[in-house]
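Visitor: What follows is a protein structure lacking sequence information:
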């Protein structure tokens, strides 16, 4: 059974509150391998740095890199450019570090990607114009909220991995994005799964 604090940690999107939850758990449980990786991912994701006076979230930067790839014409995405952008996502999302911890690492990274998706969708809900800068790292466009969000998730979590031959590697993101989108927008889940089935993804 998943510990209550672990659920709270991944459901919480406020950075200081997440830090407090994790620090309390480490103080009570000690530095288990799982907590070691959670602490590493927290520090890699947020760090202590600031860019132009704005707090930075490197997991959001990875998301915005995929957003850029999804939105950019294939004419401008050379193989070299694609490899460079995918390398950035791998590094921002700490794929290699999570892999060092085996199945536990895969599960922890998956949950961190769930948290990332939850944060992104909360931002979209708060900013229905869908056009402000997100943590200083990217800009999204205007559209009808639920349809735009559904299209974004679908293209980044399904179409892009299939186009780039990254289905297996990006499976944790695909699973996380689908789960959290359907939780946050349950009214869209039926159409979302219908689209997946129609396109042969489900």
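Guide: Perfect, I can see it now. Bear in mind that the values here come from a model prediction, so they are computed numbers and not experimental data. Numbering: from 1, shown residues only.
Visitor: From here on, just use CA atoms for contacts and neighbour counts.
Guide: OK.
Visitor: What residues sit buried inside the longest helix anywhere in the chain?
Guide: The helix spanning the most residues in the chain, taking DSSP state H as the definition, is helix 102-126. For helix 102-126, a neighbour-count test (16 or more other Cα atoms under 10 Å) marks 105-106, 108-121, 124 as buried.
Visitor: repeat for stretch 163-176
Guide: Buried, per 16+ other Cα under 10 Å, within stretch 163-176: 167, 170, 172, 173, 174, 176.
Visitor: The nearest residue to residue 45 once chain neighbours are set aside: neighbour count?
Guide: Nearest residue to residue 45 in three dimensions, chain neighbours excluded: residue 58, at 5.0 Å (Cα to Cα, 6 or more residues apart in numbering). Residue 58 has 22 neighbours, counted by other Cα atoms under 10 Å.
Visitor: Please list all residues in contact with residue 58.
Guide: For residue 58, the contact set (Cα atoms under 8 Å, 6 or more residues apart in numbering) comprises 44, 45, 46, 92, 93.
Visitor: distance of it from residue 147?
Guide: 26 Å (Cα to Cα, to the nearest Å).
Visitor: Point to the helix or strand of the protein where mean pLDDT is at its lowest.
Guide: strand 50-51 (a mean of 52; mean pLDDT, DSSP states H and E).
Visitor: hey, where'd the helices end up in the chain?
Guide: Counting by DSSP H, the helices of the chain are 4-11, 15-29, 33-46, 58-71, 79-92, 95-99, 102-126, 145-154, 160-163, 171-184, 186-198.
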